[in-house]
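Trainee: Predicted structure and sequence below. I'll ask about it afterward.
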Amino acid sequence: MRVWQFTEQPYHPVWDAVPGPLKNVLPNSHIDPRIAADLYDQYLDQWQMCDDLGINILINEHHATATSMSASCTLPLAVLARTTKKVRLMSLGIPIANRPDPVRVAEEIAMIDCYSRGRFEMGFVRGAQYEVFAAMGDPVTQTRRFGEAYRLILKALTTHDAPFDWQGEFFQYRGVNIWPRCYQDPHPPVWMVSIGAGPGAWIGEQRARVATFLTGRDSKKLFDGYRSRWIELGWGMPPPEQFGYMAMMAVADTEAEAKRRAWHIAGYTRTQTRLAPQFNSPPGYTPARFVALDQRLRTDPAYVAESRTVQRSDGSRVPLYDATIDDLIDAHVVFAGTADQVFEQVRAYNRHVGGIGNLLMMGQGGDLSHADTVDSLQRFSRDVLPRLQDLQVGDYQPAPATPQPIAA
Amino acid sequence: MAPLSESTVQCHGVSAEIFEQGSGRPVVFLHSGDGLVHCAPLIEGLSHSARVLAPSHPGFGHTALPSAFRYVDDLAYFHLDLLDQLGLDDIVLVGASFGGWIAQEMAIRSTARIGHLVLIDALGVRLSADETAVEIADLFALHPDEVARRSWVQPQRWARNATQMSDDELLVAARNRESLSLFGWMPYMVNPLLRRWLHRIDVPTLVLWGEADQIASAEYGRACAAAIPGAVFQLIAGAAHYPGVEQPAAVASEIVRFAGLPACVPASTAALAGAQAQASL
């Protein structure tokens, strides 16, 4: 099992200083650029250290938000491509439906793959719903734009004989001919992300790797949908390398200290709801029939939205954003404790979902300090990582597909 | 008086629902981004003087959105095609808000079937040279309560409230909002080229504007009217962005007078009948 270190690179100093929304509308006058520079240094130092810890590097991006200063995932990956030597580097991901210029995305991918001598893995995301406001990409055609941008990027990365033209619904180019080309042949591995189970089959058809985050036991449905599609297509059982799961992760010498660290990391989830409601459901991001159903259900005071909960071991569900650390550990959303405890937690999750080849760790989140993050990562590398290399799940069969419930 | 009727027509492969009431000279009403909800009193009021036809734009109401439709141009050509197919001549074309944008896009292309043009708090035109000037409030990025406050003189009466809506009304509202964002997301609610072609509107034009409109101000409305040759600008008191809903009798009366339609019945009767017809929209 490969492991990856991730942080959203939060600008957490402002979280308690201002009330209300942290995304889209909080003016950047709240940033002190000297503090931002210090935080960037810490986050980059943590990733740099991973090169010696055998932990790979995972970076995402968000826009116009105090929850993440990573306005570009390719910029820090380019920095780290030059300063690291061993570990792999993943963008997860580039929001290609919101990018006006997919060919530029392909060029940056080829550059990072060369800088790193073939250590890049390219993840593409649709992007969070509130990001369409910052990007001004219309939400109604977003998935179609994603599909066309994805095909264009792959075409640009794999065409080596002549310039080509592209006359698409959303993108038009003449003479596409990117320089350089990717170091890896034919191109870096592709990753895509889903929270829900729905896209599993489609991502499987692309032969892309699939990642999900903070979904706990629910991620099994996504992975099984992927596996079932491969089996239907006659490709056999996909290897664990095709799957990745992100959980919040803290290791310490005592369980109490690890849980304290996890609580700081979970500032990530506690701030997710600090968003003005109009940005939560841009028209077209979710099909109208689901929007209407959701509005109907919300007129019932007892309604709890399915997407905001995770499943405990007893089958009950708990709201993700204000759960206790014990609940989140029980739900496989947090792996936290001593090295032995974390190993057992990862092993239990891995068995439940049928085996994954990539553990994507949010080793820093919220206002977890640099020192705590470094200590946690070092302990993980020394005391947990070696034991993950021979995890076995035995003879796993994906669960038969069941119709997806449209609401809880 | 003929009651409100509903029919579905096929026009070049696009299916559209059309509500119709009254007889006489055709008045074609193009609805706002909110669809035809609350529009029955205005249609009823006009139906005493004219044959009112109110089609749903493709993607709005129960009318399907063709997958190839992406621009307001598509809606303008669709409605021009519909006028051809229905053989309507010398129409009074009335467009409210987003529908006013479509009406202007139609009129710069062809006024062959248009006798009079009426724009009610119409969107679609960019006037300011200052790139940062907000001429049309962002319906998607403002809090729903703020949108309601800017849209209505009486928001508590008119703003949508899910607890009082049927499942079908919720679905239609969600479809309307989705389609509005498709056509109006970027550039936001305008065609940057529209301003330069407004000189092609060569029919008598009346621009009505809600006095209290804070989605697009009356000042903006007056400037839009000035960009259309000979257009008459008239404020509607007691209304914000939706005068056709908040002041249907006054709006109907202005339209009737401007287009020279036969006189309207008293407003109170129209409002009463309208309230009865409202459920079917």
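Mentor: Looks like it came in fine.
Trainee: show me where the chain has strands.
Mentor: You didn't say which chain, so I picked chain A. A:2-6, A:56-59, A:89-94, A:120-124, A:164-167, A:172-176, A:190-193, A:209-213, A:243-251, A:309-311, A:317-319, A:334-337, A:358-362 (DSSP state E).
Trainee: You answered for a different chain; I wanted chain B.
Mentor: Using DSSP E, the strands assigned to chain B run over residues B:5-11, B:14-21, B:26-30, B:51-55, B:91-96, B:114-120, B:205-210, B:232-236.
Trainee: Between those strands, which one is closest to chain A.
Mentor: strand B:14-21 (16.2 Å; C-beta to the nearest C-beta). Any C-beta I mention is one placed from the backbone N, CA and C, and that applies to glycine too.
Trainee: Can you mark which positions in that closest one are buried?
Mentor: Buried residues in strand B:14-21, counted by 16 or more other C-beta atoms under 10 Å in any protein chain shown: B:14, B:16-21.
Trainee: got a list of contacts for the lengthiest helix in chain A?
Mentor: When chain A is parsed with DSSP state H, its longest helix is helix A:33-53. Contact with helix A:33-53 is made by A:5, A:7, A:9-11, A:13, A:56-57, A:59, A:69, A:76, A:79-80, A:83-87, A:363-364, A:370, A:373-374, A:377-378, A:380-381, A:385, as judged by C-beta atoms under 8 Å, 6 or more residues apart in numbering or on different chains.
Trainee: Buried ones in it, by neighbour count?
Mentor: Buried residues in helix A:33-53 (16+ other C-beta under 10 Å): A:39-40, A:42-44, A:46-47, A:49-51, A:53.
Trainee: For chain B, give me its nearest residue in the stretch 301-408 of chain A.
Mentor: Per C-beta to the nearest C-beta, residue A:301 is where the stretch 301-408 of chain A lies closest to chain B, at 10.5 Å.
Trainee: hmm, back to that, biggest separation within the buried residues of strand B:14-21, which pair?
Mentor: Farthest pair in these (C-beta to C-beta) is B:14 and B:21. Separation: 22.8 Å.
Trainee: May I have the residues that are in contact with residue 152?
Mentor: Just so you know, I chose chain A. By C-beta under 8 Å, 6+ apart, residue A:152 lies in contact with A:102-103, A:106, A:166, A:168, A:171, A:173, A:176.
Trainee: wrong chain, I was asking about chain B
Mentor: B:158-159, B:240-242, B:246.
Trainee: can you redo those residues as JSON lines with neighbour count, pLDDT and distance to chain A?
Mentor: Below are these laid out as JSON lines (neighbours: other C-beta atoms under 10 Å in any protein chain shown; pLDDT from 0 to 100; distance: C-beta to the nearest C-beta, whole Å):
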{"residue": "B:158", "neighbour count": "18", "pLDDT": "95", "distance to chain A": "18"}
{"residue": "B:159", "neighbour count": "14", "pLDDT": "92", "distance to chain A": "14"}
{"residue": "B:240", "neighbour count": "26", "pLDDT": "98", "distance to chain A": "19"}
{"residue": "B:241", "neighbour count": "28", "pLDDT": "98", "distance to chain A": "17"}
{"residue": "B:242", "neighbour count": "27", "pLDDT": "98", "distance to chain A": "19"}
{"residue": "B:246", "neighbour count": "24", "pLDDT": "98", "distance to chain A": "23"}
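Trainee: Can you tell me which of these is nearest residue B:182?
Mentor: Closest approach to residue B:182 among these (C-beta to C-beta): residue B:241, at 20.3 Å.
Trainee: Quick check: that closest one touching residue B:210?
Mentor: Yes - the pair residue B:241 / residue B:210 is scored as a contact, 5.8 Å apart, by C-beta atoms under 8 Å.
Trainee: what do those two both touch?
Mentor: Shared contacts of residue B:241 and residue B:210, counting by C-beta under 8 Å, 6+ apart, come down to residue B:121.
Trainee: contacting residues around the spatially closest residue to residue A:145 that is not a sequence neighbour?
Mentor: Counting by C-beta to C-beta, 6 or more residues apart in numbering or on different chains, residue A:97 is the residue found nearest to residue A:145 once chain neighbours are left out, at 4.3 Å. Residue A:97 sits next to A:126-127, A:137, A:142-143, A:145-146, A:149 when contact means C-beta under 8 Å, 6+ apart.
Trainee: From residue A:350, how far off is residue A:97?
Mentor: In this view, residue A:97 and residue A:350 are 32 Å apart by C-beta to C-beta, to the nearest Å.
Trainee: Quote the end-to-end distance of stretch A:262-279.
Mentor: End-to-end distance for stretch A:262-279: 28 Å, by C-alpha to C-alpha, to the nearest Å.
Trainee: what comes up buried for it?
Mentor: A:262-272, A:274-276, A:278-279.
Trainee: In those, find the pair that's most separated.
Mentor: The largest separation in these, counting by C-beta to C-beta, is between A:262 and A:278 at 32.0 Å.
Trainee: ok, so of the contacts of residue B:152, who is nearest residue A:197?
Mentor: Closest approach to residue A:197 among the contacts of residue B:152 (C-beta to C-beta): residue B:159, at 36.0 Å.
Trainee: Surely the closest one is in contact with residue B:148?
Mentor: Yes - Residue B:159 lies in contact with residue B:148 (C-beta under 8 Å); the separation is 3.7 Å.
Trainee: who's in contact with residue B:205?
Mentor: Here residue B:205 is in contact with B:107, B:116-119, B:225, B:228, B:230-232 (C-beta under 8 Å, 6+ apart).
Trainee: Distance check, it against residue B:18.
Mentor: Residue B:205 is 24 Å from residue B:18, by C-beta to C-beta.
Trainee: so where's the stretch 151-281 of chain B uncertain?
Mentor: B:264-281 (pLDDT under 70).
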